[in-house]
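[1] Predicted coordinates and the sequence they were generated for:
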Amino acid sequence: MEADIADQPIIRIRGLHTRFGRQVVHEDLDLDVRRGEVIGVVGGSGTGKSVLLKEIIGLMAPAAGTIEVLGEDTGSLTTTGWEALRRRWGVLFQDGALFSSLTVAQNVQVPMREATDLPHDLMDELTRVKIGMVGLPHFACTRFPSQLSGGMRKRAGLARSLALDPELLFLDEPTAGLDPIGAAAFDDLIRGLQQSLGLTVVMITHDLDSLAAICDRIAVLVDRKVVVDTMEALMDMDHPWIRSYFHGPRGRAARRSHGP
Amino acid sequence: MSDANAPPLLTASRTPETSRVREGWLRLDDTDQQGGTLSFGGEWTLATATELDGRTRAMDPQTVTAVDLSAITRMDTAGAWLIHRTIAEIRGAGREVVATGLPERFGSLFDDVGRADLPDQLEERGPTWLTDMVLRVGEASFGLFREGRRLLSFYGMLLVKGGRLVVQPHRLRLTSLVHHLEQTGLYAVPIVALLSFLIGIVLAYQGADQLRRFGAELLTVNLLGLSILRELGALMTAIIVAGRSGSAFTAQIGTMKVNQEVDALETLGLDPVDILVLPRILALMVALPALTFLSDLVGIIGGGLMSWAVLDIPPDAFARQFREAVPINHLWVGLMKAPVFAFIIGMVGCYEGLKVTGSAESVGAQTTRAVVEAIFLVIVVDAGFSILFSTVGI
């Protein structure tokens, strides 16, 4: 029974349709995310990457189709069911989406205060651990988001999304706006945390270096559907968009530095 | 004996994750006079952390000689931290213990958490309440002077650039001026008219109520004319416009500042003051006197209607008394103040907008400041006008 559950996809999307007025974004889209993998979601502008993420985490309802996350059908959940489910995943938004009136430490504590009855001392200790684990220096705890650099804000946002030890982590363009060194360090951080915490990671990204360096599989949104495979397999595909994406100069450079 | 109503076995076992009892434990084994082995086992996760926190704190570190972690079945960062903390406490008590038997799959998490422990500092130590109070008063006072000086230099710059506009009228942005006239003038007509009408009614009613006791109902007309034309018309309108348009100026310019649009203007060789500030202030200086006149008119009409209803003063008698009792210079006094108020409101609104830095939060803060400062300055200047006019005897 245990093994059965481990083999089940952690996210399972079937027959997803999304429409904005007359514009169809997703049509009969299927996607499985396996437990313990890092999956990158790519696609051109307007192919609905962010929309897909919003639908999975329940900020938007699809026009049709089912989305199962962690074994729960998100379409038929009660309010309490949603609350319980949302505590089992973390989301990192593009610029961290930290609450600007709270310090970094208070930001990290928000989910703990809302969802657990931990004693205050332990909460403080765990906050320090989380902030340390994402590689922030200790003085960052008392800083407000506006006093931090973009990279530090992202790390703080990551610490908040990890506050409840989630099983599943969603990242929206985690390396956008970082310099190449910062982006590479952030990739390493995500890979390290993913391995030691046993996370499943779904990341939207345009960063070919991230895709090559840390993603086990890549989901490409093309023609209102999704094509999922490893980077090597995707390289051999004939689809014009996928070809130009991975065989463009940036794709080649990323492959040279990371790939076999 | 079988129960026909029993649920099928499958449903019970479908979710073993949730039906299993989640528990973590720690136990002291093999105790001799030196102490014993502290064993950690079961689930050390966030779900069990509250309980385990208490138990690990209650343990006496002096009784431990070895630590065994082999029975742990689940662990997340919360659990890993509790184990780390406990081991650190034992070592802190002078017992050299080695943790053994940690299942390999938890190894990297356990090490990560150990490395992540930061110095104990979540809140900066604040000053005591007395020094804090002195600090705040001092900061506020110096801030006030600094602010005043900056506003004064902004005022100077506006005068210079406004003067340049007279010499070089082509610098004036006519489209922008008309747009802001529409926004601050035309669109403010309904709210200004409605509020002035209500103020007229209230004044007439309260005045009539008091004056009737002396049999001097007719003096209500004098009261209305004097207070509305001279003071309330201009002041009320200025306050409404400060809340409506002054705040809008700050928010608009502030948002542009956040988007770096103001920087973009400057790099294109365009002067933000010419483009953003002067048209707004000029538009307001035209719109506010007009709105004040409207306010005077509607206020008097409101008062007149109320006098008719409560005091039975018919409109023609009201008009006759009004012409006799209220000389025209009251109207001029009120209207003269309007452009000055408009300049203050526009200046403060634009100044606070240009002071916005970085975040969207700062736009909100500056907008609040702009409204408070504008209303404050308007009332102070109005008091100044009162003194001035009474000295020169208008």
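    Received, thanks.

[2] What ranges does chain A have for its helices?
    Counting by DSSP state H, chain A has helices at residues A:2-7, A:49-56, A:79-86, A:104-115, A:120-133, A:150-161, A:180-197, A:208-214, A:231-235, A:240-247, A:249-258.

[3] To residue B:385, which of the ones you listed lies closest?
    Nearest to residue B:385 among the helices of chain A is helix A:104-115 (48.4 Å), distances taken as Cβ to Cβ. Where C-beta positions appear, they are placed from N, C-alpha and C, glycine not excepted.

[4] which of the residues in that closest one are buried?
    A:104, A:105, A:106, A:107, A:108, A:109, A:111, A:112 (16 or more other Cβ atoms under 10 Å in any protein chain shown).

[5] and if you look at stretch B:33-52?
    For stretch B:33-52, a neighbour-count test (16+ other Cβ under 10 Å) marks B:35, B:37-49, B:52 as buried.

[6] Could you pull up the residues touching residue 91?
    Going with chain A. Neighbouring residues of residue A:91 by Cβ atoms under 8 Å, 6 or more residues apart in numbering or on different chains: A:57, A:161, A:169, A:170, A:171, A:172.

[7] my bad, the chain I had in mind was chain B
    Contact analysis of residue B:91 by Cβ under 8 Å, 6+ apart lists residue B:97.

[8] highest average neighbour count across the helices of chain A?
    Greatest average neighbour count among the helices of chain A goes to helix A:150-161 (a mean of 24), per mean count of other Cβ atoms under 10 Å in any protein chain shown.

[9] Lowest-confidence member of the buried residues of stretch B:33-52, which is it?
    When these are compared by pLDDT, residue B:35 scores lowest at 78.

[10] how many other residues sit next to residue A:37?
    16 (other Cβ atoms under 10 Å in any protein chain shown).

[11] Am I right that it is in contact with residue A:214?
    No: in this structure, residue A:37 is not within contact of residue A:214 by Cβ atoms under 8 Å, at 10.6 Å.

[12] where do the contact lists of those two overlap?
    Common neighbours of residue A:37 and residue A:214, counting by Cβ under 8 Å, 6+ apart, are absent.

[13] ok, back up a step: and chain B, which of the buried residues of helix A:104-115 reach it?
    By Cβ under 8 Å from any Cβ of the partner chain, the members of these lying near chain B are residue A:105.

[14] Nearest to chain B among the buried residues of helix A:104-115?
    residue A:105 (4.9 Å; Cβ to the nearest Cβ).

[15] what does the stretch 151-260 of chain A have sitting close to chain B?
    Applying Cβ under 8 Å from any Cβ, we find that the stretch 151-260 of chain A lies next to chain B at A:162, A:164, A:165, A:192, A:193, A:195, A:196, A:197, A:198.

[16] In CSV: the residues you listed, plus pLDDT.
    CSV is the format used below for those (pLDDT from 0 to 100):
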residue, pLDDT
A:162, 90
A:164, 89
A:165, 88
A:192, 86
A:193, 87
A:195, 86
A:196, 84
A:197, 85
A:198, 85
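
[17] before we move on, the earlier item: tell me which of the helices of chain A sits nearest to residue B:327.
    The closest of the helices of chain A to residue B:327 is helix A:104-115. By Cβ to Cβ, the value is 63.2 Å.

[18] I'd like to check what contacts that closest one. Which residues are they?
    Defining contact as Cβ under 8 Å, 6+ apart, one finds that helix A:104-115 is touched by A:87, A:98-99, A:102, A:118, A:123-124, A:126-128, A:130-131, A:136, A:140-145, A:148, A:156, A:159-160, A:163-164, B:122-123.

[19] Could you export it as CSV, CA atoms only?
    Once non-C-alpha atoms are left out, helix A:104-115 reads as follows in CSV (Å, rounded to 0.1, in the frame of the first residue of the first chain):
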residue,chain,number,x,y,z
VAL,A,104,11.7,38.5,7.4
ALA,A,105,11.4,36.5,10.6
GLN,A,106,7.8,37.6,11.0
ASN,A,107,7.1,36.7,7.4
VAL,A,108,8.4,33.2,7.9
GLN,A,109,6.3,32.8,11.1
VAL,A,110,3.0,33.8,9.5
PRO,A,111,2.2,30.2,8.2
MET,A,112,3.4,28.7,11.5
ARG,A,113,1.2,31.0,13.6
GLU,A,114,-1.8,30.3,11.4
ALA,A,115,-1.5,26.6,11.0
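
[20] relative to helix A:79-86, how tilted is that helix?
    With axes from the mean of the first three to the mean of the last three Cα atoms, to 10 degrees defining the directions, helix A:104-115 sits at 140 degrees from helix A:79-86.

[21] taking the mean pLDDT, what do you get for helix A:104-115?
    On average, helix A:104-115 scores 89.

[22] Equivalent analysis for stretch A:210-219, please.
    Stretch A:210-219 comes out with an average pLDDT of 87.

[23] Now chain A against chain B: closest residue?
    Closest to chain B within chain A is residue A:132: 3.1 Å, counting by Cβ to the nearest Cβ.

[24] Just give the nearest non-adjacent residue to that residue, would you?
    Nearest residue to residue A:132 in three dimensions, chain neighbours excluded: residue B:116, at 3.1 Å (Cβ to Cβ, 6 or more residues apart in numbering or on different chains).

[25] Measure how buried the one you found is and give me the count.
    Residue B:116: 21 surrounding residues under other Cβ under 10 Å.

[26] Could you check how far it is from residue A:45?
    Here residue B:116 is placed at a distance of 38 Å from residue A:45 (Cβ to Cβ, to the nearest Å).
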